[in-house]
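*Asks:* pasting the structure only:
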């Protein structure tokens, strides 16, 4: 299962752009609302998550995606369900993706140590041990994005990791990203 976690205060484009791209690519993505189904983003846009954190079934996810935004990132970081999903993903060598401020969650857990990664400017201090730079960066099973302006690239990189580079390139061409 591919889980995208949404918490109040998330950056809408960082969630919805990659979600749209993944679904266009035929991937089954489940949005998980932390604390309820109706989640309001940092710019007042409310979305209805597919399930809530209370509905989440334990087990090995294929992919965990964390959009950024404030206070959304802090709300994700405060969720034991998000941390459990990250633990399960790490244990199973699943794909872990975070954009904007959300890579700080990975950095604080040591997931980015020794990896190439990126984050929103000003959050680099949380990426201790990582080489920081770029817009959408994949290093092994971890993909990070710099912020809202790179949401399309971040989403395409996730599709490439899950469906292959050729499928991602076709999708990028179809949405006029290339």
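*Replies:* Yep, that arrived. Note that this is a predicted model, so its numbers are computed, not measured.
*Asks:* so where do the helices sit in this structure?
*Replies:* 12-24, 72-77, 80-91, 103-108, 151-163, 165-174 (DSSP state H).
*Asks:* could those be laid out in TSV, adding distance to residue 49, mean neighbour count and mean pLDDT?
*Replies:* Where C-beta positions appear, they are placed from N, C-alpha and C, glycine not excepted. Shown next, in TSV, are those (distance: least, C-beta to C-beta, whole Å; neighbours: other C-beta atoms under 10 Å; pLDDT from 0 to 100):
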stretch	distance to residue 49	mean neighbour count	mean pLDDT
helix 12-24	10	22	98
helix 72-77	13	23	98
helix 80-91	12	17	96
helix 103-108	18	24	98
helix 151-163	18	23	98
helix 165-174	24	15	96
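*Asks:* make JSON lines from those and add distance to residue 119 to it.
*Replies:* Output for the helices of the chain, formatted as JSON lines (distance: least, C-beta to C-beta, whole Å):
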{"stretch": "helix 12-24", "distance to residue 119": "12"}
{"stretch": "helix 72-77", "distance to residue 119": "10"}
{"stretch": "helix 80-91", "distance to residue 119": "16"}
{"stretch": "helix 103-108", "distance to residue 119": "4"}
{"stretch": "helix 151-163", "distance to residue 119": "12"}
{"stretch": "helix 165-174", "distance to residue 119": "22"}
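*Asks:* among these, which is nearest residue 132?
*Replies:* Comparing the helices of the chain by their distance to residue 132 (C-beta to C-beta), the top pick is helix 103-108, with 9.0 Å.
*Asks:* what does that closest one contact?
*Replies:* Residues outside helix 103-108 that contact it (C-beta atoms under 8 Å, 6 or more residues apart in numbering): 66, 68, 73, 76-77, 82, 86, 96, 98, 112, 117-119, 123, 126-128, 130, 142, 144.
*Asks:* follow-up on the earlier one: nearest to residue 54, of the helices of the chain?
*Replies:* So among the helices of the chain, helix 80-91 is nearest, using C-beta to C-beta, at 8.2 Å.
*Asks:* how far away from the center of its chain is the closest one?
*Replies:* Distance of helix 80-91 from the chain centroid (C-alpha atoms, centre = their mean, to the nearest Å) equals 13 Å.
*Asks:* stretch 157-167 too?
*Replies:* How far stretch 157-167 lies from its chain's middle: 15 Å, per C-alpha atoms, centre = their mean.
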